[in-house]
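Visitor: Requesting a structural model of the entry that follows:
(3 chains)
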Amino acid sequence: MDKRTCNSQDVEVRKGPWTMEEDLILINYIANHGEGVWNSLARSAGLKRTGKSCRLRWLNYLRPDVRRGNITPEEQLLIMELHAKWGNRWSKIAKHLPGRTDNEIKNYWRTRIQKHIKQAEDMNRLSSNISDQPNNDQQASTSQASIGPPDTIEIYSGNNNNNNNNNNIMGTNFHHQGNFSTETNENIWSMEELWSMQLLNDATN
DNA sequence: AACGCCCGCAACCGCTTCTCA
DNA sequence: GTGAGAAGCGGTTGCGGGCGT
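Guide: Down below sits the predicted model:
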């Protein structure tokens, strides 16, 4: 594990994975003194970690009310619903999932859900290649969704009520504004469709 | 059995926001 | 009002394990 000195006081700062000893020190210290100012907590506890690192470790892993293990289908739906509403506001989303951390939700989104969006995008690109038809201009004028350059999929609905729902998902511009239209158009992927793809896929796993 | 690839997750980094003197 | 330090947040990275060849 790499250690490096960080400041004029020549204090070694440990980085990388936490050891069981460090975990125990942190747990015991917080049990006795409670959470406090993280930088001084780290120092007082004798941990060669930054306050930030201690805070993260505590909040995401050591806290007694952290729920670990599989995300349930209910939680999954809730995550998707809240993400559609708020975008990548992971901590805000996490507040509605007791015991789940923003980091966990963020990872879950990136590793699971985003994958399906990518698949949807690929399928969509494929289908638009197959049906590369002349009446595209009518489609273009009425379409509520536009598939952009290779790594963008933009989904729009008619109304335009939210200011900041421009969610960038690892190069995928995922715009969701207001209610999704349920009407099906070749280039429209509604939230419901994305959800059902996700659920279908899970059912087959 | 060995190797390479892929995926999931823990942890770090840097920026923003909050709090307080 | 403002500046400094702490906390919060989202994006990114790196490692380890599982799996296919």
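
Visitor: Now A:Val13: which helix or strand?
Guide: Assigning secondary structure by DSSP states H and E places A:Val13 in strand A:12-14.

Visitor: Oh, that last question was meant for A:Asn28, not what I typed.
Guide: Using DSSP H and E, A:Asn28 falls in helix A:20-33.

Visitor: With just CA atoms, put the very next helix or strand once past that helix into PDB.
Guide: Per DSSP H and E, the first helix or strand lying C-terminal to helix A:20-33 is helix A:38-45. Only the C-alpha atoms of helix A:38-45 are listed here, as PDB (Å, rounded to 0.1, in the frame of the first residue of the first chain):
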ATOM      1  CA  TRP A  38     -13.000  14.600  10.400                       C
ATOM      2  CA  ASN A  39      -9.500  15.900  10.000                       C
ATOM      3  CA  SER A  40      -9.000  16.200  13.800                       C
ATOM      4  CA  LEU A  41     -10.800  12.900  14.300                       C
ATOM      5  CA  ALA A  42      -8.300  11.200  12.000                       C
ATOM      6  CA  ARG A  43      -5.400  12.700  13.900                       C
ATOM      7  CA  SER A  44      -6.900  12.100  17.400                       C
ATOM      8  CA  ALA A  45      -7.700   8.500  16.500                       C
END
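
Visitor: ok, helix A:38-45 near DNA strand B or not?
Guide: No: judged by C-beta under 7 Å from any atom of the strand, helix A:38-45 and DNA strand B are separated, with a smallest distance of 11.0 Å. Any C-beta I mention is one placed from the backbone N, CA and C, and that applies to glycine too.

Visitor: I'd like to know which elements the next helix or strand after that helix is packed against.
Guide: Toward the C-terminal end, the helix or strand that comes next after helix A:38-45 (DSSP H and E) is helix A:51-57. Other helices and strands packing on helix A:51-57, by 3 or more C-beta pairs under 8 Å, 6 or more residues apart in numbering; DSSP states H and E, are helix A:20-33, helix A:38-45.

Visitor: Next, the buried residues of helix A:51-57.
Guide: In terms of neighbour count (16 or more other C-beta atoms under 10 Å), helix A:51-57 has its buried residues at A:Gly51, A:Ser53, A:Cys54, A:Arg55, A:Leu56, A:Arg57.

Visitor: For the first one, which residues are in contact?
Guide: Neighbouring residues of A:Gly51 by C-beta atoms under 8 Å, 6 or more residues apart in numbering: A:Val37, A:Trp38, A:Asn39, A:Ser40, A:Leu41, A:Ala42.

Visitor: Could you report the neighbour count for the fourth one?
Guide: By the criterion of other C-beta atoms under 10 Å, A:Ser40 has 10 neighbours.

Visitor: Need the pLDDT of the nearest residue to A:Val66 once chain neighbours are set aside.
Guide: Leaving aside its chain neighbours, A:Val66 sits nearest to A:Gly99 (6.0 Å; criterion: C-beta to C-beta, 6 or more residues apart in numbering). pLDDT recorded at A:Gly99 is 85.

Visitor: Same question for A:Glu35.
Guide: In this model, A:Glu35 is scored at 84, pLDDT.

Visitor: Surely it touches A:Ala42?
Guide: No: in this structure A:Glu35 lies outside contact range of A:Ala42 using C-beta atoms under 8 Å: 11.8 Å.
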